[in-house]
Structure formats: structure tokens, C-alpha cells
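>>> The following block contains a protein sequence and its predicted model.
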Amino acid sequence: MADAISVTGLVKRYGEKVVLDGVDLRVASGRVCALLGPNGAGKTTAVRVLTTLIRPDGGRVEVAGVDVVRRPREVRRRIGLIGQQPAVDDVLSARENLVLFGRLHHLGGPGARRRAEELLEQVGLAGTGAQPVRQFSGGMRRRLDIAAGLVLAPQVLFLDEPTTGLDPAGRRDVWDAVRDLVARGTSVLLTTQYLEEAEQLADDVCVLDGGRVVASGSPRELAAAIGGDRLELVVGDPLRAAEAAAIAGRAAAGPPAREPDGGGERVVVPVQRRPGVVGAVVRALDEAGIAVDDVVLRPTTLDEAYLWITGHDRTAAEVPA
């Protein structure tokens, strides 16, 4: 089966400004890839190229096995695009909106009505078809937006910051809808500012910075690349926090950091997964007579990996998938 998205050496310029500078990206069929990066990194430009809205200045780009430059119309028949702004009409009912989109995609009247009912069921809005969209919650409205992008049953769906402005319940609604789509075989490219969202939904992550790919891999691989887990110790006596940090750093063979924690201080030490490292740190502190109120071993989060990757002036690196 061909990759859902295959990008090699993508270049896009606006005048003298190079927005995308040799981007490589691969999204396997049936998977979710999160495209991350700070503002101005080139995410939106990349999505516009992939969805045939603008032409690249260099490189090769295929979506659903079709070249976006040579056969853009065929690409459009195979994709769906959900932008940041709502595409549905508040005055119309949910069903009327989807029928309208079906007719715009050249489905006949009966076909459009049948497809509308299928989509309402698919995105968890069955029973709301007659309800005006203005009465929908934010999460319901976004689900309807997604349904509108699925009228032609696209092989690849592009979601551009789909949960911006939603409350936690609305975000969970959208996440459930996306998971259901992927279970049905749809491939998804997701841009988001929420690292938790990428961690929840994405099989793979690609980080853009300055128009280049600076890291790629699964969320777990990116987190592991910056140093494994974190051992957090709450030291009750702040006067001994510096000593505790030094001892913990030696025992764990990692550079310690300190941060306030209520009346005490929290010592954070990166640790590699190896037998006995937590016990070694605790014993070393106990031998020094330093009381520890709490000990937590937790994995590095995607947030931390992202900040580390985009917060350093470093050459492009890739974590093997």
C-alpha cells in the first residue's frame, strides 16, 4: 500500500524568503502524523502545498499516491481539509449543512441526503440532524465540520488545529471522532498547538522549525531522545536542596535541576532506564541524612521534548521510526 503522504525535498519561497527549505515527510497509510512547530515554522504553508492550494517551488510531493503538481484535481478527490475556521452554516440544521456539502461535491439529491445520515452517525451526531447548528456546543460543531470534510470519503484528511478554542469536553469529542476515522482506515495529518493533543492522537510526529524538519519519530521516540525518564524528589529542607541535587546527580549520572515546591524544593534528575537507579539515589540521600518527602519517576513528556528540540540552535536531526 502506498504511503498516504510522501514529500521529498519540498521547497517553497515567497520572493526572497524561503519558507520551506528541503522538507522530507512520510505518513504511512492508516496513521496519524502531527505536524508541530513554532509560529512561522512553515506548517500552514506545508499543508497548503499538500492540499494543492499553492504550488511548490521544488521537490516532489505525493498525496494518496498522486503527484500534487501533475494531477491536482485527482488529489482533491482523495483528500479532505478541515481548516481553523468553521465551514458550516449556523442557520441551517446539521443535516441541511451536510446535504449542501454533498450537492457541492456533485452528489445527487438522494445521494447527498443518504450521505448526510451516514456522516451524522459516523461522527457521533446521530439524532441531531434537524437541530440548528447555532444550538450546538463547540465540540458538536467541530464534529460537524469534520463530517463536512468527509463527504467524499477521503483517503487522507488534513486537520488544521481542529480543537483551537474548545473546552476540554469539546476537545475530547473531536479526539474521539478522529480516532474513529483512523479505525475506519483514514490517514490524518494534524497540525496543532496542543502537545497533549499530539501525544493523544499521533502515531508519528514531525517538528518543523525555520522551514526545516528538525526532528521526527513517534512521541515516545522523541521523548526518549532527550534523555529518558525524570526522577523528581521533593526535599523538605530547602537549605539542603543544593546538596541533595548534587548527590542525586552523582547517583543517577545526570545533571540535576532545582525548582520551588511549596515550602521545600523539587530536585529533578534525568535518568536512563536501568535497574536500581531509583534505589541508588534514595540510598545516597538517606546516607547523607537528607529527608525526602516524595519520590516520583515519570517519563519525559512530548512537551518537554518539543521545547528542547525547538529551543536549541541545532542542526536537523531525525529519530528513526
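Thanks, I have the structure now.
>>> Tell me the secondary structure of Val268, please.
Following DSSP: H, G, I helix; E, B strand; the rest coil, we place Val268 in the strand state.
>>> can you pull the contacts of the closest residue to it other than its chain neighbours?
Spatial nearest neighbour of Val268, excluding adjacent residues (CB to CB, 6 or more residues apart in numbering): Ala257 at 4.8 Å. The way it works is simple: take the backbone N, C-alpha and C, and place the C-beta from them, glycine included. Going by CB atoms under 8 Å, 6 or more residues apart in numbering, Ala257 touches 245, 267-269.
>>> Where do the domain boundaries of this structure fall?
By the record's domain assignment, the chain is partitioned as 5-87+149-223, 228-299 (automatic domain parsing).
>>> mind checking the end-to-end distance for the first one?
Between the start and the finish of domain 5-87+149-223 there is a gap of 24 Å, counting by CA to CA, to the nearest Å.
>>> Averaged pLDDT, that domain. What do you get?
The pLDDT scores in domain 5-87+149-223 average 90.
>>> all helices of the chain, in order?
Counting by DSSP state H, the chain has helices at residues 43-50, 72-78, 94-104, 109-122, 138-148, 168-183, 195-201, 219-225, 241-252, 277-287, 302-310.
>>> Among these, which comes closest to Asp261?
Proximity to Asp261, assessed across these by CB to CB, is greatest for helix 241-252 (9.4 Å).
>>> Show me what counts as buried in that closest one.
For helix 241-252, a neighbour-count test (16 or more other CB atoms under 10 Å) marks 241, 243-245, 247-249, 251-252 as buried.
>>> closest to Arg76 among those residues?
Closest to Arg76, out of all of the buried residues of helix 241-252 and judged by CB to CB, is Ala252, at 53.5 Å.
>>> Any figure for the gap between the closest one and Asp286?
15 Å (CB to CB, to the nearest Å).
>>> likewise Val19?
Taken as CB to CB, the span from Val19 to Asp286 is 56 Å.
>>> repeat for Asp3
53 Å.
>>> picking up where we left off before, quick one, which of the domains of the chain is packed in tightest?
Each of the domains of the chain was scored by mean neighbour count; the highest is domain 5-87+149-223, a mean of 19, by mean count of other CB atoms under 10 Å.
>>> re the thing from before, and the buried residues of helix 241-252, which is closest to Val292?
Ala244 (7.5 Å).
>>> and the closest one, what does it touch?
Counting by CB under 8 Å, 6+ apart, the residues that Ala244 touches are 233, 235, 265, 267, 285, 288, 290, 292.
>>> Tell me which two in those residues are the farthest apart.
Farthest-apart pair in the contacts of Ala244 is Glu265 and Ala288; separation 15.4 Å (CB to CB).
>>> Pairing partners for Asp294 in the sheet, please.
Note on Asp294: beta-bridge partners by DSSP bridges are Val234.
>>> Check the contact between it and Val234; I expect there is one.
Yes - assessed by CB atoms under 8 Å, Asp294 is found in contact with Val234 at 4.1 Å.
>>> How about Pro132: which residues does it bridge to?
Ser93.
>>> residue contacts, it?
90-93 are the contacts of Pro132 under CB under 8 Å, 6+ apart.
>>> filter those residues to the buried ones?
Listed as buried from the contacts of Pro132 are Ser93; burial here means 16+ other CB under 10 Å.
>>> For the closest residue to Leu208 other than its chain neighbours, list the residues it contacts.
Nearest non-adjacent residue to Leu208, counting by CB to CB, 6+ apart: Gly37, 3.7 Å away. Each residue near Gly37 by CB under 8 Å, 6+ apart is listed here: 43, 207-209, 310.
>>> can you rerun that using 6 Å?
By CB atoms under 6 Å, 6 or more residues apart in numbering, the contact list for Gly37 reads 43, 207-209.
>>> Let me know the closest of those to Arg114.
Distance to Arg114 across the contacts of Gly37 (CB to CB) is lowest for Lys43, with 35.9 Å.
>>> Okay, that closest one and Thr51: tell me how far apart.
If you measure Lys43 against Thr51 using CB to CB, the figure is 13 Å.
>>> Centre-most residue in this protein?
Centroid-nearest residue in the chain: Ala198, 2.8 Å away (criterion: CA atoms, centre = their mean).
>>> Surely it touches Ala34?
Yes - using CB atoms under 6 Å, Ala198 is in contact with Ala34, at 3.7 Å.
>>> joint contacts of those two?
With CB under 6 Å, 6+ apart, Ala198 and Ala34 have common neighbours Val205.
>>> roughly how far apart are the closest residue to Arg77 other than its chain neighbours and Val282?
In this structure, Arg77 finds its nearest non-sequential neighbour in Leu152, 6.5 Å apart by CB to CB, 6+ apart. Here Leu152 is placed at a distance of 59 Å from Val282 (CB to CB).
>>> With Val269 instead?
12 Å.
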